[in-house]
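S.K.: build me a model from this:
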Amino acid sequence: MQNIITMKAAPLPTDSSDVSFFTAAALHAEGEKILLRTVDSKLCWAQRSRGCMVQPASGDLVLAVDSGTEGIFILDVLMSQEPVLKLSVKGDITMAAQDGTLKLKGRQVEIAPAEAVALEAPFIKISGDEGRVKFRSFRMLSKLAFLSAQRVETFCTRLDITAQQLVQRLTNCFRRIEGLDDTRAERISLQSASGVDVRGGRFFVAVEEEVKIDGRSVHIG
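M.R.: Next comes the predicted model:
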């Protein structure tokens, strides 16, 4: 460690105009206060300055300033044995790139807030080779939604669809129902260009008014 460097600075709004810059070792923290040990083995309490975002750990070498009656402030962490650099501030923080781009790069980027994450922008783009989304409860609200995929698989215990109109355009449709297929409607219209083939072990038709079968030929039995 280097010796304490004493510099003359502009008069502060205190009783002293002497500002001392020195290096010290961080011992431990109690709340917002951090206990420091100077090169001459003196102990003193300090707090991080407004611009110091690095949280000092035990054994870190820090640069501090003694501003007199205002107290001792840690300006920066010079050396640390901690493998992970921890940035922390008290209160809110805003990162802004004026007329530029703000980028976060790394092998992995993890976001783990205690309450919520909010993303709001005129355009949001998410791309990757593989994606997974997991929620206990999920709700999506959109005026227009468009999905394009080569194959879609859906597995659920129950699927409820409520819509004013459902339009399906398919080349082929294959349905396999193990239990009951129940359709209830005010009116059912079924049209086939080639033909309709209905087979079953039992076929029962019950109407209140009339049954009409019209064709060039009708075969029964």
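
S.K.: in the chain, what helix or strand scores lowest on average pLDDT?
M.R.: Within the chain, no helix or strand scores below strand 5-8, which has a mean of 40 by mean pLDDT, DSSP states H and E.

S.K.: mean confidence score for the following helix or strand past that one?
M.R.: Under the assignment DSSP states H and E, the closest C-terminal helix or strand after strand 5-8 is strand 18-30. Here strand 18-30 scores 89 as its mean pLDDT.

S.K.: quick check: buried residues in strand 18-30?
M.R.: Burial within strand 18-30, assessed by neighbour count using 16 or more other C-beta atoms under 10 Å, is assigned to 19, 22-26, 29. Every C-beta, even on glycine, is put in place using the N, C-alpha and C of the backbone.

S.K.: is it possible to get a markdown table of the residues you listed that adds distance to residue 35?
M.R.: What follows is the buried residues of strand 18-30, written out as a markdown table (distance: C-beta to C-beta, whole Å):
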| residue | distance to residue 35 |
| --- | --- |
| 19 | 21 |
| 22 | 15 |
| 23 | 15 |
| 24 | 10 |
| 25 | 10 |
| 26 | 7 |
| 29 | 7 |
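
S.K.: strands of the chain, residue ranges please.
M.R.: 5-8, 18-30, 33-38, 43-48, 61-66, 72-79 (DSSP state E).

S.K.: between those strands, which one is nearest to residue 179?
M.R.: Closest to residue 179 of the strands of the chain is strand 18-30 (C-beta to C-beta; 64.0 Å).

S.K.: burial measure for residue 59, as a count.
M.R.: Using other C-beta atoms under 10 Å, residue 59 has 13 neighbouring residues.

S.K.: give me phi/psi at it?
M.R.: Main-chain torsions, residue 59, degrees, to the nearest 10: phi 90, psi 0.

S.K.: now it, nearest residue through space, not along the chain?
M.R.: residue 81 (5.7 Å; C-beta to C-beta, 6 or more residues apart in numbering).

S.K.: next one: the one you found from residue 43, what distance?
M.R.: From residue 81 across to residue 43, the span is 20 Å (C-beta to C-beta, to the nearest Å).

S.K.: please apply the same query to residue 151.
M.R.: Distance, residue 151 to residue 43, using C-beta to C-beta: 67 Å.

S.K.: what about these two, which has more around it?
M.R.: residue 43 (10 against 4).

S.K.: nearest spatial neighbour of that one, skipping sequence neighbours?
M.R.: Using C-beta to C-beta, 6+ apart and skipping the chain neighbours, the partner closest in space to residue 43 is residue 37 (5.7 Å).

S.K.: what residue ranges in the protein score low on pLDDT?
M.R.: Residue ranges of the chain with pLDDT under 70: 1-18.

S.K.: spatially central residue in it, please.
M.R.: In the chain, the centroid-proximal residue (C-alpha atoms, centre = their mean) is residue 117; its distance is 5.4 Å.

S.K.: show me the contacts for it.
M.R.: Listed by C-beta atoms under 8 Å, 6 or more residues apart in numbering, the contact partners of residue 117 are residue 111.

S.K.: next one: phi and psi at it?
M.R.: Here is the backbone geometry of residue 117 (degrees, to the nearest 10): phi -120, psi 130.

S.K.: distance of residue 155 relative to residue 97?
M.R.: For residue 155, the distance to residue 97 - C-beta to C-beta - is 43 Å.

S.K.: which of the two has more residues huddled nearby?
M.R.: More crowded of residue 155 and residue 97, by other C-beta under 10 Å: residue 97, with 8 against 5.
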